[in-house]
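Enquirer: I'll drop the sequence and a predicted model, then ask my questions.
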Amino acid sequence: MPQGVSCSVSNCTFWKEGNACSADKISVDIDQHADQHFYEEFASDDLGLQHQDQALKSSATCCFTFKPKE
């Protein structure tokens, strides 16, 4: 589990009590890429993300690890 990763999105498959993320790895990107689909979910060490970007503030980022609970 990623150490120290807090998440309040309780309808995510990886969400655990205490706002903890139970994903083995997380993928975070800038909102500019929000419409991209990273279907490689945990398939490789880099999660299919080989590009590098810069965000001016945290609100310009989003977590691509999110997977809704079924």
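Expert: Done, it's in. Just so we're clear, the structure is a prediction, and the values are computed from it rather than from any experiment.

Enquirer: going by C-alpha atoms from here, please, whenever you check contacts or count neighbours.
Expert: OK.

Enquirer: just the helices from this structure, written as ranges.
Expert: In order along the chain, the chain carries no helices (DSSP state H).

Enquirer: what's next to the helix or strand of the chain with the lowest mean pLDDT, contact-wise?
Expert: Least confident helix or strand of the chain, by mean pLDDT, DSSP states H and E, is strand 28-30 with a mean of 82. Strand 28-30 is contacted from outside by 53, 54, 55, 60, 61, 62, 63, 64, 65, using C-alpha atoms under 8 Å, 6 or more residues apart in numbering.

Enquirer: distance of the second one relative to residue 10?
Expert: Spelled out, that is residue 54. Separation of residue 54 from residue 10 (C-alpha to C-alpha, to the nearest Å): 28 Å.

Enquirer: between those two, who's got more neighbours?
Expert: Neighbours per residue (other C-alpha atoms under 10 Å) separate residue 54 from residue 10, with residue 10 holding more: 16 against 9.

Enquirer: all strands for this protein, in order.
Expert: With DSSP state E as the criterion, the chain has strands at 15-16, 20-21, 28-30, 61-63.

Enquirer: out of these, which gets nearest to residue 5?
Expert: Across these, residue 5 has its closest neighbour in strand 20-21 (5.9 Å, C-alpha to C-alpha).

Enquirer: show me what residue 28 bridges to in the sheet.
Expert: Beta-bridge partners of residue 28, counted by DSSP bridges, are residue 63.

Enquirer: no more questions from me, cheers.
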